[in-house]
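Trainee: next input, structure requested:
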Amino acid sequence: MNTILKKLNLRSIPQRSVVYFFVSFLGTGIQNVVPQYFFAQTFPETKAIWLSICLILGSLGSITIIWWVNLSNFYISRCNRGSVKLILTMTISLILIVSIFLFKVSNVWIFVLFFIITRTVTQFLVNVMDQYFVSVTPNHMVSFHSKITSLFQLLGIMIAPVYFAFILPSFAINSTVLALLSAYTLLIILVNTQSPTNVAQERFGTLLKGEKLTFQDILFLIYVISLASASLLFSSNTVFLLADYYQMKSSVLKSGVLLTTMNVFAIVAVMRTKSKLKSTNGELLAPSKMIHLKISIGLFIAMISLFLTTAITFWILLFLGALIGYIYGLFYLFARQYASYYSVKENKPLLISLYNNNSSYAVIISSIALFATAITTHILGVDITKYIIGCIGLFLIISIVASTCFIISPLRKVIS
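Mentor: Okay, here's the model as predicted:
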């Protein structure tokens, strides 16, 4: 076996997972905090419209770069050592420069352009690196890779809103922190990407090449994107739901506490859950499909309990939020396990690429749903909050249907 695969151990996987924290931390802050802050300052009357446009364009950029990578068969595993160094250094440097200027610009079109570039390039980085890391991870460590990766991503998601909410106005602090984080991330990545072509050849027998998705893959992606859309629609409207649906005071503060609680319990779920991918004689057993249906049903029941009555105390809300967060953590972990397993087993980089980009599709879908709901309720002259809850429920039902079909679908036949 190649010496590089022998050197991969339990220490190297957390080290290289810094890239997932970096992209998750920066992506969450730039998507969820920075645009809201910018448009609230520059266009307070039309901030919602500008925010929707910005998020959709950024997501379209992310989706475009992922499809370009796969259609052009560009993989880090095909590049020599010098090319890898150059590509990664340029990518992280571009992310750093554009991100820093994003905090400083005042022109709306330049801000939107920099936002699109940042979203696109960060998605490119996590895509090419995840394809590489998955391809060189030995069978008995695929589950551990999925667990640590999920943990680092959830940590980035949890820390970013708090950090950017307090530090965003300080250009000097932001620039310094991002520069240090970018430099450390680049160092870790370069140390953990050695002789990629040789590793890919050993793992797969041939260089990586794109394979078509199966019907089960399509159903899996529908399930993932539906749940991600429901989650995004809930998290982006939590303040409105607490203020208008539950009639709670201090809705901004309480929504922050609720979302933080959910994130903490999602991390707890990832840390406590044991591997579902057992290795036998170096061969991985296929991950269970039934767990995805259980997760969909569990989230649906928890959400129904959350919105069943408006006569609810904040402490009960926090309890249900913790339950939803825990189940979402399981979703995050097992979905990544499935995508990682079949990306390796069936030599299918496209699957892990589309999985990694599920948030971009979720942004577009949830934005369209919210826009259509806002227009409809405005015309009808009714309150929007119950219709937002209805949209969340609809996405969860779609995830249940998709995961059910995913379980009962026949053999993994390729879509021609």
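
Trainee: show me where the stretch 1-150 of the chain has its helices.
Mentor: For the stretch 1-150 of the chain, applying DSSP state H, counting those that start in this stretch gives helices covering 3-7, 12-16, 18-32, 34-42, 47-71, 81-102, 108-136, 142-167.

Trainee: max-length helix in this protein?
Mentor: helix 314-345 (DSSP state H).

Trainee: got the buried residues for that one?
Mentor: 314, 317, 320-344 (16 or more other C-beta atoms under 10 Å). Bear in mind the C-beta positions are built from the backbone N, C-alpha and C, glycine included.

Trainee: go ahead and confirm V112 touches L57.
Mentor: Yes: shown here, V112 and L57 form a contact pair, counting by C-beta atoms under 8 Å, at 6.4 Å.

Trainee: low-confidence ranges in the stretch 201-350 of the chain?
Mentor: 201-211, 275-287, 311 (pLDDT under 70).

Trainee: 50 instead?
Mentor: 201-208, 280 (pLDDT under 50).

Trainee: need the helices for the stretch 201-350 of the chain, in chain order.
Mentor: Under DSSP H, counting those that start in this stretch, the stretch 201-350 of the chain gives helices at 215-235, 238-240, 251-272, 290-307, 314-345, 349-356.

Trainee: name all residues that make contact with the residue nearest in space to the middle of the chain.
Mentor: Geometric centre of the chain, nearest residue: S359, 5.1 Å, by C-alpha atoms, centre = their mean. Contact analysis of S359 by C-beta atoms under 8 Å, 6 or more residues apart in numbering lists G27, S59, A228, L232.

Trainee: for S360, see how far away the third one is.
Mentor: Counting by C-beta to C-beta, to the nearest Å, the separation of A228 from S360 is 10 Å.

Trainee: L227 reaches G298, doesn't it?
Mentor: No: under the criterion of C-beta under 8 Å, L227 makes no contact with G298, lying 11.0 Å away.

Trainee: name the residue in the two with the higher neighbour count.
Mentor: Per other C-beta atoms under 10 Å, whichever of L227 and G298 has more neighbours is L227, with 29 against 17.

Trainee: what's the helix or strand for the closest residue to that one other than its chain neighbours?
Mentor: Of all residues not flanking L227 in the chain, S399 sits nearest, at 4.7 Å (C-beta to C-beta, 6 or more residues apart in numbering). For S399, the host element (DSSP states H and E) is helix 385-408.

Trainee: so where does the residue nearest to the centre of the chain fall, helix or strand?
Mentor: Per DSSP H and E, S359 falls inside helix 358-380.

Trainee: and that helix, what's buried?
Mentor: 358-367, 369-370, 373, 377.

Trainee: that one to helix 349-356, inter-axis angle?
Mentor: Between the axes of helix 358-380 and helix 349-356, defined by axes from the mean of the first three to the mean of the last three C-alpha atoms, to 10 degrees, the angle is 40 degrees.

Trainee: what sits against S99?
Mentor: L26, I30, T118, L178.

Trainee: the protein - how does it break down into domains?
Mentor: Per automatic domain parsing, the structural domains of the chain span 6-209, 210-416.

Trainee: before we move on, back to that, just the C-alphas of the helix holding S399, formatted as CSV.
Mentor: The C-alpha coordinates for helix 385-408 follow below in CSV (Å, rounded to 0.1, in the frame of the first residue of the first chain):
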residue,chain,number,x,y,z
THR,A,385,-46.2,33.4,9.4
LYS,A,386,-48.7,30.5,9.2
TYR,A,387,-47.9,30.2,5.5
ILE,A,388,-44.1,30.1,6.2
ILE,A,389,-44.9,27.3,8.7
GLY,A,390,-46.8,25.6,5.9
CYS,A,391,-43.9,25.8,3.5
ILE,A,392,-41.6,24.3,6.2
GLY,A,393,-44.0,21.4,6.6
LEU,A,394,-44.2,20.9,2.9
PHE,A,395,-40.4,20.6,2.5
LEU,A,396,-40.4,18.1,5.4
ILE,A,397,-43.2,16.1,3.7
ILE,A,398,-41.2,16.0,0.5
SER,A,399,-38.2,14.8,2.4
ILE,A,400,-40.3,11.9,3.9
VAL,A,401,-41.6,10.9,0.5
ALA,A,402,-38.1,11.1,-1.1
SER,A,403,-36.5,9.0,1.8
THR,A,404,-39.4,6.5,1.5
CYS,A,405,-38.8,6.1,-2.2
PHE,A,406,-35.1,6.0,-1.5
ILE,A,407,-35.6,3.0,0.7
ILE,A,408,-38.0,1.0,-1.5
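
Trainee: just checking, what packs against it?
Mentor: helix 215-235, helix 290-307, helix 358-380 (3 or more C-beta pairs under 8 Å, 6 or more residues apart in numbering; DSSP states H and E).

Trainee: list the buried residues of that helix.
Mentor: 385, 387-389, 391-392, 395-396, 398-406.

Trainee: equivalent analysis for stretch 102-113, please.
Mentor: Judged by neighbour count using 16+ other C-beta under 10 Å, the buried positions of stretch 102-113 are L102, F103, F111, V112.

Trainee: farthest pair in these?
Mentor: Pairwise distances across the buried residues of stretch 102-113 (C-beta to C-beta) peak at 14.4 Å, for the pair F103 and V112.

Trainee: what about the closest residue to S235 other than its chain neighbours, how many residues close to it?
Mentor: Distance criterion C-beta to C-beta, 6+ apart; nearest residue to S235, sequence neighbours excluded, is L259 at 6.0 Å. For L259, the count of nearby residues is 19 (other C-beta under 10 Å).
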